[in-house]
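> coordinates for the following, if possible.
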Amino acid sequence: MATITFDPQQLAIDSIAGEAALDAERLTAGWLRQRLREQPDWRPEITQDFLSARAEPVPAAVLIALVQRPQGLTILLTMRTDHLSSHAGQVSFPGGRSEPFDGSPVATALRETQEEVGLSRAHIEVLGCLPDYLTGTGYRVTPVVGLVTPPFELRADPSEVAEIFEVPLAFLMDGVNHQRLSVELPGGRRSFYAMPYERFYIWGATAGMLRNLFHLLRA
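Sure thing, here's the model as predicted:
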């Protein structure tokens, strides 16, 4: 499936995941450093969203940027512009397709982040990676987790990013905020998560990768 042909916000909510929110201790920079460095035995809940028409997925990487704010950690997200060929108008992590000169998924995530939102890699401490995630648009995405230290300046690339915003990590790491939805497609019924926050609708691959981060931190 190369494009999304339905509006997820018009679907009924099947259920709420409902797991307890993570303890505040697990949402601190020190605890996150240790957890990403010494990952326990855990399994990602979701490894792909919708079926792709591509036989060989294209490698890509995104940055799950944890911004250290006085009130607590937040996650930096973007709203993609409406004219893009994939994930147009959707909430995404900064990131994109890997290039041969990148050398690693981490290099891809840092380069793409700087290109899309102007966040210099000098502000980013890479903590580790989550398992790869297959998207319906044919990408194999490596989520790279990093701590971001303010102050920093952001500059959205107008060709890709319509808006940059932050969501409290505590909100996203609470199962009460994880909605489960499903849709009938030509290839069968598919389920996915959504995590609406204020006027932003976080769903699909972005919500799936956040759900896996939730499982890693609560393991």
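> buried sites along stretch 189-200?
Arg190, Phe192, Tyr193, Ala194, Met195, Tyr197 (16 or more other CB atoms under 10 Å). The way it works is simple: take the backbone N, C-alpha and C, and place the C-beta from them, glycine included.
> and those, which is closest to Ala122?
Ala122 lies nearest to Tyr197 out of the buried residues of stretch 189-200, by CB to CB, at 28.4 Å.
> how close does the closest residue to that closest one other than its chain neighbours sit to Thr137?
Of all residues not flanking Tyr197 in the chain, Val167 sits nearest, at 5.0 Å (CB to CB, 6 or more residues apart in numbering). When CB to CB, to the nearest Å is the yardstick, Val167 and Thr137 sit 23 Å from each other.
> tell me which helix or strand of this protein sits lowest on mean pLDDT?
strand 188-194 (a mean of 89; mean pLDDT, DSSP states H and E).
> which neighbouring elements make contact with it?
The contact analysis (3 or more CB pairs under 8 Å, 6 or more residues apart in numbering; DSSP states H and E) places strand 188-194 against strand 179-185, helix 204-218.
> in terms of secondary structure, what does the longest one contact?
So the one you mean is helix 204-218. helix 29-37, strand 58-69, strand 91-92, strand 133-134, strand 139-148, helix 169-172, strand 188-194.
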